[in-house]
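Q: Take this sequence and fold it.
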Amino acid sequence: MMDIAREAGVSKNAVSLALRNDPQIPEKTRQRIQAIADRLDYRKDPVVAQLMARLRTTSEPEGNKATLGLINANEKGDAFTNHPTIPRYVEGCRRRASQLGYSLDTFWLYDPEINATRLQRILRARGIRGLLIVGLMNRNRLPEEFSEIWESFPCIVTGVRTRKPAISFASTDHHIITLRAFEHALELGYRRPGLVLDRTIDLLVEGRFSAGYRTAQEPLPRKERLNPLIEDRKGSGTLKTFEKWLKKERPDVIFTLYNDVRDQLESLGYKTPDDIGLIQLEWRPDRPNWAGMNQHNDLVGEAAVDMIISLLHSGESGPPPFPRATLIGGSWVDGITVRRQVSESELGTAS
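A: Numbers count the residues shown, from 1 in each chain. You can find the predicted model right below:
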């Protein structure tokens, strides 16, 4: 590194920053230093990089910690604290960042007092190293007016895969979660599992919920493969549509993301789990009695921090040519909304 600094006519610290694509160094200077490093066949020592990360977590004063930006990309400014899913991502981001010696500065993308130019200026003034983007729930695209920021910083998205720009992301594995939930339903003796889902959510995750459901149906006899109910759940005809679907498909258990499905069943005269079981595809601690899949979205947040730090170590910025994904598996949680089904053969044996 000293040879690079000598030839470039800069300090060793400037070389270190340039090789990490740190925006504190002007872009032309970074490119010149990086070109010299390539010509001199410079390679970062991974052991040294790991040691420096370790030193940061154990000995760096609180005020000097490297800082990451935690971007609230949701339209609602309170989404980090008042949302069924997003706070779990944030919890994991904060925990993992603290463990690794990083501090987090929070920004709301839809703050009326912030535009792209001002946000860029604030990020640079605060020495923000990379960006964790949390809260995309209605679409999987980032606002185009902030494109300069996505181009300038290492970025990782949580929860969804983005397009234009396509950025590396961490997410729960929606496909495998639905598949595993289906398998648990079959183990409990259910034979006609159904799926109730909001169309916007399934589109947001590129159909991975419904794809997992249809994949799990493949081993079943055709007469037991139900059509899922995927609709706009904000519409006024939701209950009527739900009732028609129940009568046509006759599910004995339902996978869903919505706690109000239980209320809808009760309003139509069905009891849970006596008549129809319910399995929550995003089990949450605030409804501990439900059976379902814990998505471990806090671990998604942790994975996002690990990914952004990896980008910092490798000096990568902007949308990558080949975006990477880290998928977190879920785990089954027992609950009173399902019960083991008794087969006809078991009934015959009992009698």
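Q: domains in the protein, as residue ranges please.
A: Each structural domain of the chain that the record assigns through automatic domain parsing is listed here as a residue range: 2-43, 61-173+299-331, 174-293+333-350.
Q: Mean neighbour count and mean pLDDT for the ones you listed - can I get that in JSON lines?
A: From N, CA and C alone the C-beta is placed, and that goes for glycine too. Supplementary listing: the domains of the chain in JSON lines, determined by neighbours: other Cβ atoms under 10 Å; pLDDT from 0 to 100:
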{"stretch": "domain 2-43", "mean neighbour count": "16", "mean pLDDT": "81"}
{"stretch": "domain 61-173+299-331", "mean neighbour count": "18", "mean pLDDT": "93"}
{"stretch": "domain 174-293+333-350", "mean neighbour count": "17", "mean pLDDT": "92"}
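Q: Counting by contacts, list what the helix or strand residue 70 falls within packs against.
A: When elements are assigned from DSSP states H and E, residue 70 belongs to strand 66-72. In terms of contact count using 3 or more Cβ pairs under 8 Å, 6 or more residues apart in numbering; DSSP states H and E, strand 66-72 is assigned the packing partners helix 86-99, strand 102-108, strand 128-134, helix 297-314.
Q: Which of the three states applies to the residue nearest to residue 188 when sequence neighbours are not counted?
A: In space, and not counting its chain neighbours, residue 188 is closest to residue 340: 5.2 Å by Cβ to Cβ, 6 or more residues apart in numbering. Following DSSP: H, G, I helix; E, B strand; the rest coil, we place residue 340 in the coil state.
Q: go on, residue 82?
A: Put simply, residue 82 is coil when judged by three-state DSSP.
Q: list the contacts for it?
A: residue 76 (Cβ atoms under 8 Å, 6 or more residues apart in numbering).
Q: Show me the strands in the stretch 101-250 of the chain, by range?
A: All strands of the stretch 101-250 of the chain, identified by DSSP state E, counting those that start in this stretch, fall at 102-108, 128-134, 155-158, 169-172, 193-198, 229-231.
Q: would TSV of these with distance to residue 300 be doable?
A: Output for those, formatted as TSV (distance: least, Cβ to Cβ, whole Å):
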stretch	distance to residue 300
strand 102-108	16
strand 128-134	10
strand 155-158	6
strand 169-172	5
strand 193-198	20
strand 229-231	24
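Q: And the ones you listed: which comes nearest residue 207?
A: Shortest distance between residue 207 and the strands of the stretch 101-250 of the chain, using Cβ to Cβ, is found for strand 229-231: 9.3 Å.
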